[in-house]
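> Provided below are the primary sequence and the corresponding predicted coordinates.
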Amino acid sequence: MGTPPASYPLRCLRHRVPRREDGGVGKGDTIAVIGDGVVGLLAVLLARKLSAERIILMGRHKARTDLGIKWGATDVVGERGDEGVSIARDLAGGHGVPKVLEAVGLLPAYEQAMGIVRPAASSAVSMFRSTTWLRSVLRNSSTT
């Protein structure tokens, strides 16, 4: 199949961070972006463009998180696991983050996304590798 085109990350986000009128990010919102790679940093830019008030970037690479701050992230959480979940939830007022975009594509990042998301909130997963498994998890979680 070969290497995906350079526009692939942006095309992923186009469908993962919808506009406010479509139930997505808008003025005054809080969003967490998990991952400081290309997709995560583009998500920060897009959230800022859509006028999100608080953008929590979760990443561990200083050069990338510094770029994320320059591009609009209001907070950076470098911790992972329970500690990262606790910090992100506290930054969002203690009840969890209303909108989460997971931009890593690995199970630990997905679990972190599920740990910080506010109950009955929006969660978008951009690059999770096992979409069949993910669909079944999301389907089951929406009925509980």
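Sure, I can see it. The model shown is predicted, which means the values in this text are computed figures rather than measured ones. Residues are numbered from 1 along each chain as shown.
> let's see the distance spanning stretch 30-40 from one end to the other.
Stretch 30-40 has an end-to-end distance of 15 Å (C-alpha to C-alpha, to the nearest Å).
> so where is the chain shaky, pLDDT-wise?
Scanning the chain with the threshold set as pLDDT under 70 gives 1-24, 122-144.
> show me where it has helices.
Assigned by DSSP state H, the chain shows helices spanning 8-16, 38-49, 62-70, 81-91, 107-116, 131-141.
> neighbours of the nearest residue to residue 102 once chain neighbours are set aside, how many?
With C-beta to C-beta, 6 or more residues apart in numbering as the criterion, residue 102 has its nearest non-adjacent residue at 4.1 Å, and that residue is residue 113. Quick note: C-beta positions are derived from backbone N, CA and C, even for glycine. Residue 113 has 26 neighbours, counted by other C-beta atoms under 10 Å.
> for the closest residue to residue 118 other than its chain neighbours, give me its contacts.
Computed as C-beta to C-beta, 6+ apart, the closest residue to residue 118 that is not its neighbour in sequence is residue 96, at 3.4 Å. Residue 96 makes contacts with 89, 116-119, 121, as judged by C-beta atoms under 8 Å, 6 or more residues apart in numbering.
> sorry, back to before: go ahead and confirm the residue nearest to residue 102 touches residue 34.
Yes. Using C-beta atoms under 8 Å, residue 113 makes contact with residue 34 at a distance of 5.5 Å.
> which residues do those two both contact?
Contact criterion C-beta under 8 Å, 6+ apart; residues bridging residue 113 and residue 34 by contacting each: 100-102.
> hmm, back to that, the residue nearest to residue 102 and residue 28: what is the separation?
With distances taken as C-beta to C-beta, to the nearest Å, residue 113 is found 21 Å from residue 28.
> repeat that for residue 58.
Using C-beta to C-beta, we find residue 58 at a distance of 21 Å from residue 28.
> from what I can see residue 74 touches residue 56, true?
Yes. Using C-beta under 8 Å, residue 74 is in contact with residue 56, at 7.1 Å.
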